[in-house]
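Enquirer: what follows is a predicted structure for the sequence shown.
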Amino acid sequence: MISLLAGTFLLAMVHALIPNHWLPLVAVARAEKWKPREVTTITFLAALAHVAGTVALGIILGLIGKQLEEQYGNIIYVVSAILLIVFGLIYFTVNLPHHHHSTQKDVVAYKRSKRRWILIFIVMMFLSPCLEVESLFLSAGAYGMGLVSLLAVVYAIVSITGIMLLVSLGYKGVKLLSAEFIEHNEKRITGIVLIIVGIITFFVH
């Protein structure tokens, strides 16, 4: 249980650092000269939409994990641990980085009203849930929906806080060199986290 919580916390931090989670918002905010208060509000709404999309799918997978545990008993713990390790190996092997081109040029060529920008960010973030963390929700379902809910809370707090912090720093012009490292190694880091959580879950459940 603790390993799943720790894994969720780490993956939420890693995903918050991915540039396409916050860089487009920074680019638009600076190009459109939004006020700091507006940036904070819009960032919160976008981050909340991202969390809502991820958690909604996570709860569905958690319910599936709960049903599997009720039908197959303790074997589901072994199966979920193996799945985590397999997913981890896949992510570590693939390690495809997120690619993005000049966001600033996109903004200049795509002027929109503030209301439309808000809608774009909310829809975009809602429809791009972090699929890597979903395997943790599936495994958590075997322990009950209480743990699934706790994972959802941890993921929400870390993700929203992280995205808001990064947008705030980016808007102020702070160079975030670590984000570039995360962008190119995100799959590998995710894979390592899932493998470690899977191994721990296999021996301790």
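Expert: Yep, that arrived.

Enquirer: name the single longest helix found in this structure.
Expert: For the chain, the helix with the greatest residue count under DSSP state H is helix 36-72.

Enquirer: relative to the whole chain's centre, how far out is it?
Expert: Centroid displacement of helix 36-72 relative to its chain, using C-alpha atoms, centre = their mean, to the nearest Å, is 9 Å.

Enquirer: so for that helix, what gets flagged as buried?
Expert: 39-40, 42-43, 46-55, 57-59, 61-62, 65-66, 68-69 (16 or more other C-beta atoms under 10 Å). C-betas here are computed from N, CA, C, even on glycine.

Enquirer: who does it touch, helix- and strand-wise?
Expert: helix 23-31, helix 75-94, helix 114-126, helix 134-141, helix 145-171 (3 or more C-beta pairs under 8 Å, 6 or more residues apart in numbering; DSSP states H and E).

Enquirer: for the ones you listed, which one sits closest to residue 192?
Expert: helix 75-94 (6.3 Å; C-beta to C-beta).

Enquirer: residues of the closest one that come out buried?
Expert: Buried, per 16+ other C-beta under 10 Å, within helix 75-94: 76, 77, 79, 80, 81, 83, 84, 85, 87, 88, 91, 92.

Enquirer: so what touches that helix?
Expert: 65, 68-69, 72, 132, 135-136, 138-139, 142, 187-188, 190-199, 201-202, 205 (C-beta atoms under 8 Å, 6 or more residues apart in numbering).

Enquirer: again, 6 Å this time
Expert: Helix 75-94 is contacted by residues 68-69, 135, 139, 142, 187-188, 190-191, 194-195, 197-198, 201-202, 205 when judged by C-beta atoms under 6 Å, 6 or more residues apart in numbering.

Enquirer: what about the residues you listed, which one has the most neighbours?
Expert: Neighbour count (other C-beta atoms under 10 Å) singles out residue 139 as the most crowded of the contacts of helix 75-94, with 31 neighbours.

Enquirer: now that residue: how far from residue 56?
Expert: Using C-beta to C-beta, to the nearest Å, residue 139 is found at 18 Å from residue 56.

Enquirer: returning to that earlier point: just the helices and strands packed on helix 36-72: most buried one?
Expert: Per residue and on average, the most neighbours among these fall to helix 134-141, with a mean of 26 (mean count of other C-beta atoms under 10 Å).

Enquirer: by contact count, what packs against it?
Expert: If you count contacts as 3 or more C-beta pairs under 6 Å, 6 or more residues apart in numbering; DSSP states H and E, helix 134-141 packs onto helix 2-17, helix 36-72, helix 75-94, helix 145-171.

Enquirer: quick one, the last one and helix 36-72 angle?
Expert: Pointing back at helix 145-171 there. 150 degrees (axes from the mean of the first three to the mean of the last three C-alpha atoms, to 10 degrees).

Enquirer: could you pull up the mean pLDDT of helix 145-171?
Expert: When pLDDT is averaged along helix 145-171, the result is 93.
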